[in-house]
Every structure is written in structure tokens, then in C-alpha cells.
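Asks: Okay, here's the prediction I keep looking at, along with the sequence it came from:
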Number of protein chains: 2
Amino acid sequence: MSGRETAEHPPAPAPAPAPARGSLSRDVVLAGAVELADRIGVDALTIRRLADHLGAKPMTIYHYVANKEDIIDGMVGRVFDEITRPPLDLPWKAAIRMRAESAREVLRRHPWAPPLMESRTNPDPSILGHHEAVLAVWFQAGFPLELIAHAGAVLDAFLYGFALQEAALPFGEREGDLSEIADQLITPMSPDEYPHMVRFAGEYVMQPGYDFGRSFDFGLDLILDGLEAAAAR
Amino acid sequence: MSGRETAEHPPAPAPAPAPARGSLSRDVVLAGAVELADRIGVDALTIRRLADHLGAKPMTIYHYVANKEDIIDGMVGRVFDEITRPPLDLPWKAAIRMRAESAREVLRRHPWAPPLMESRTNPDPSILGHHEAVLAVWFQAGFPLELIAHAGAVLDAFLYGFALQEAALPFGEREGDLSEIADQLITPMSPDEYPHMVRFAGEYVMQPGYDFGRSFDFGLDLILDGLEAAAAR
DNA sequence: GGCGCTTTTCGTACTAAGTACGATGCGGTA
DNA sequence: TACCGCATCGTACTTAGTACGAAAAGCGCC
């Protein structure tokens, strides 16, 4: 459930490479977990499958992590580390845009991540460091405290929410057009009950060049421009 | 894990009311599931606990639902039903604002819901009907197709993303100020490593009247105004 | 080179959760 | 009252997380 899986449940447990005495470490375990989650989804990520993926036995993993929660924490930390931090030597708009676009790419690679990123109760340094870097930009831009709060909340809401939507897209749609896939979702809908959805799907979504991602650029511009206006006010 | 729980794991299984032959139904089961999830979180929502909550035995539940996935689908449907649909007899901005504010309230009542709402692969009529109603507003407002797509994506991203953030707030903060709770999160952070976070927390977040929710109004206005401008262009 | 210590790996097994299968029993109808 | 169908549930199998402690693999020191 919770549909954050890339595929359905037991999807190719991944072949076991070669075990070897000193080949594991917390980092290797976490990297393997991220890899596997990308492939089969977090819900299907089990200790046993992760062990197989790493060429080890389940209980070996517990030598490097405290428990599954700890694994998730570490995975989220790695995701944050993949996101480019906004550089301080650029105007705030460019810096924030860079970070936002990076976040989108990263979250597309790790569609299981968005719901987990905000809910960590033990944030690791990767997470804190990332947020610190973003805050630094707002401060340097001279935003008043209240606007900083709003800017951060609105922008992150957009990033996570957009990623959440993208993660739910029927696969192929995630890059390029979809047509067929959406077709099968739309067809069973009666045009009498859902006239606008059917029309919208037929006239827009299922057209050749459709790309959900364009809405990201639109939204990002809208928000950045709005923040700029608010800052100037 | 995934922190969508209201509390930690085995939190008061809820006393068992009275069983009774004809007292159950799919609706009663789903309503009970939503209630219980509100109280203990989705991750802690198990068939056995739900059964207790309903005063029944685990296997009885399967007479009304196919499996747990089906329960989640139904729960999400119920959440959508709680959200006010935008009325067609209002200007689009007012109608959409009404729906957005309702969505926020509802998602605050059901903090487990945001990650699940977009990921249903078997959307039930509640979900489709809701989206149909929103689409109807855009069409009636005369938005071009592309702007409709963008508006929907950006607004929903904001709604889900904001709800996701709110769900992660340390409880009390969710309504009113927090001070103490945030204090304990901030204190262990070194001002050397995280100068901006410490400053921001001290000077803004931990002040008496702080309310995260104000950023919702700010963001909603920002987006609605931006869409208005885009529509006029 | 042998020996024990540390670190890493793992086998076994317990608990909890989803749920298949079939039995049981209640309520109404003929 | 005898029967039937639907609602309820008991039992049990599978998968998952992980506690506990044993085995084993390298390492330094004698």
C-alpha cells in the first residue's frame, strides 16, 4: 500500500554478488538500501532482501545499523546529500532555483523519498546542513524573518508536493509522454460522470508532447516571482 | 517508520465496544479505520487493532474489505469526501480558495493521509469526483488547457506538501506555539555549525505568537495571485 | 608459528502482522 | 421446526523485524 513502490511486491530480489569479510560498512549498507529502494520501492525493502542485495545475511546488517528506522534515516540523509545546496555567491533567486531544480531531479530518482524527508525525528547532519544552507541564502538576501519562514515553507511544500505527484505518475509518464497508460486510466471513466476529466485527458494530457514536468518550471517561476514581489514590498 | 504516526507504536489499542450481529458494514469499518489512524497513525493501524477497535475479530473485517490495500483506498476516499468541493457559483478564486482551506483543515485532522492521497492506483469515485469538481472550476473560468494543468499541479503540490510538513511538526506546534518542544530540537544544535538555524529558531519560531499555519495563507495567496496574473496574460 | 582478543558474520528462534481456509452459529423462511 | 445463507470467527501459514548468542576470520604478541 501507500503506493510508493516502483513495482509490485516481490520483484526480482536482486542476485547476490560476492560476500567478503571487510566489504561492508554503514555507508555501503545505506547506499545499497537506496539503490534497492529505487528499484523495488521502500515498502518492498526488507532486511532480508537488502541482505541478499548486499551478498550478506540478514543479521549482518545489524552490525552497521541499529534497526530499520535507522536505515531509513540514513537513506533520507543520503538523498539530502544528493541535492545541490544553494551557493551563497549567486543572487538568491538563482541560488534557490538551482537548489529547487536539483531537488526535483533527485526526488525523481528516489520517488520513495518525499513522504519520508520531512518526517525524520532524528535528523542527521545532512538534513540539518541542507536546511542551514538554504536559510543562509534567505538571510543574506536580507529577507525579514517572517518572509523567510513563509518562503521556506511554501517552496518546500511545492517541492515535496510536486515530487509526491510525480512519484504517483504511471511510470513512463515520468519522462516524456504517456498516451497509452493514461488511456487505460481514462477509458473506464464515463464522460457523463466525469466530463471535464475526460475532456482534459483527451485534449491535453494524451497529446503527443505532453510533459508533466513543465508544470514544475511554471510553479517554480510563479513562487520565486511571488517571493521577489513580497520581498520588495 | 516513515513517521506518519501520531504516537509511537503500541499506543492504547482502544477498548473493545460491544460486538453485535448486524452492526458492521464496509462504511463502519472504514470509518473506524480512519478514526484509529487519526489516533495511532497508519503505520500502527493493523487489522488486529482495527478489529479490537470495532469490537470484532480480525477475520471478520475481511467480510467487508478485500485486504488492507482496499482499506487504505477506502480511507483515502473518505478523506477526499471530507474536503469541500469548489462551488461553481463563485468566482474561481473564491471557489478554489474555499477548497484549499478545507483541504488544509481536513489534512490536519488526518495527518497520515497526504502521502497516500496521490498514490492510489484504484481511485474510487470520491477521488475522481473531487478532481472533476476542481477541473470544472478551471474550465468555467476559461483557463486555457495548459494553464489548467499548471494550476492544478502547483496548487495540489502546495496542498500536499504543506500538509506533509504540518504532519511532521512536533504536535503542539500544530496548533498554537511550541517553544519548549522546538527548544529541545534546537538546543543540541551547535550555533557554530548551524548559526542561521539557531538564530531563526530563537528569534522567530520560538517567539510567543508563532504559528506555522500563517505560511499557508501566505502561500495560498501567492499562488492564487500568480495564477490570476498568468490567466490575465 | 601459535594463541587469544576483537571484530564481523551469521544461525536460530521469537513476536507481530496479513490473510487463506474452512468451521460455526445466528436469523429468518418455508 | 427443519433448513439455508450470511456473518462471524478459530486456526494456521507466511513474511518481516530483530534479540541472543555462537562461530569464524583477521591481528598482534609471545
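Replies: That came in fine, so what should we check first?
Asks: how about the residues of chain A near DNA strand D?
Replies: If contact is defined as Cβ under 7 Å from any atom of the strand, the residues of chain A in contact with DNA strand D are A:10, A:21, A:44-49, A:58-59, A:62, A:67-69. (Glycine included, C-beta is placed from N, CA and C.)
Asks: With distance to DNA strand C and secondary structure as extra columns, can I get these in a markdown table?
Replies: Rendered in a markdown table, the data for these read as follows (distance: Cβ to the nearest atom of the strand, whole Å; DSSP: H, G, I helix; E, B strand; the rest coil):
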| residue | distance to DNA strand C | secondary structure |
| --- | --- | --- |
| A:P10 | 13 | coil |
| A:R21 | 5 | helix |
| A:A44 | 14 | coil |
| A:L45 | 16 | coil |
| A:T46 | 12 | coil |
| A:I47 | 10 | helix |
| A:R48 | 9 | helix |
| A:R49 | 14 | helix |
| A:P58 | 7 | helix |
| A:M59 | 3 | helix |
| A:Y62 | 6 | coil |
| A:N67 | 13 | coil |
| A:K68 | 13 | helix |
| A:E69 | 15 | helix |
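Asks: Counting neighbours, which of those end up buried?
Replies: Restricting those to buried positions leaves A:44-45, A:47, A:49, A:68, with burial counted as 16 or more other Cβ atoms under 10 Å in any protein chain shown.
Asks: Can you give me the buried ones in the longest helix anywhere in chain A?
Replies: Criterion DSSP state H: the longest helix present in chain A is helix A:145-168. Neighbour counts over helix A:145-168 (16+ other Cβ under 10 Å) mark A:147-168 as buried.
Asks: now A:D217, what's its secondary structure?
Replies: The local conformation at A:D217, judged by DSSP: H, G, I helix; E, B strand; the rest coil, is helix.
Asks: how many neighbours does it have?
Replies: With neighbours defined by other Cβ atoms under 10 Å in any protein chain shown, the count for A:D217 comes to 14.
Asks: Check what pLDDT it gets.
Replies: With respect to pLDDT, A:D217 has a value of 98.
Asks: Could you report the separation of it from DNA strand D?
Replies: A:D217 sits at a distance of 37 Å from DNA strand D (criterion: Cβ to the nearest atom of the strand, to the nearest Å).
Asks: Look up how far DNA strand C lies from that residue.
Replies: A:D217 sits 40 Å away from DNA strand C, going by Cβ to the nearest atom of the strand.
Asks: likewise A:A56?
Replies: Going from A:A56 to DNA strand C by Cβ to the nearest atom of the strand gives 4 Å.
Asks: looking at it, that residue is touching A:L24, isn't it?
Replies: Yes. A:A56 lies in contact with A:L24 (Cβ atoms under 8 Å); the separation is 6.5 Å.
Asks: Show me which of the two is the more surrounded one.
Replies: Higher neighbour count among A:A56 and A:L24: A:A56, with 22 against 18, using other Cβ under 10 Å.
Asks: What about A:R85? Give its phi and psi, please.
Replies: In this entry, A:R85 is assigned phi and psi values of phi -80, psi 150 (degrees, to the nearest 10).
Asks: Give me the pLDDT for it.
Replies: 98.
Asks: What of A:I181?
Replies: Value listed for A:I181 in the pLDDT field: 68.
Asks: Is A:T121 inside a helix or a strand, and which specific one?
Replies: Assignment of secondary structure by DSSP states H and E places A:T121 within no helix or strand.
Asks: For the helix or strand where A:V137 lies, which helices and strands make contact with it?
Replies: Element membership for A:V137 (DSSP H and E) is helix A:125-140. Where contact means 3 or more Cβ pairs under 8 Å, 6 or more residues apart in numbering or on different chains; DSSP states H and E, helix A:125-140 is packed against helix A:68-82, helix A:92-109, helix A:145-168, helix B:195-200.
Asks: Which strands and helices lie in contact with the last one?
Replies: In terms of contacts (3+ Cβ pairs under 8 Å, 6+ apart), helix B:195-200 is packed against helix A:125-140, helix A:145-168.
Asks: Can you mark which positions in the shortest one are buried?
Replies: This means helix A:125-140. Of the residues in helix A:125-140, those with enough neighbours to count as buried (16+ other Cβ under 10 Å) are A:126-139.
Asks: For the residue nearest to A:A157 when sequence neighbours are not counted, give me its contacts.
Replies: Closest residue to A:A157 in three dimensions, ignoring its sequence neighbours and counting by Cβ to Cβ, 6 or more residues apart in numbering or on different chains: B:G161, at 3.3 Å. Neighbour list for B:G161: A:156-162, A:164 [criterion: Cβ atoms under 8 Å, 6 or more residues apart in numbering or on different chains].
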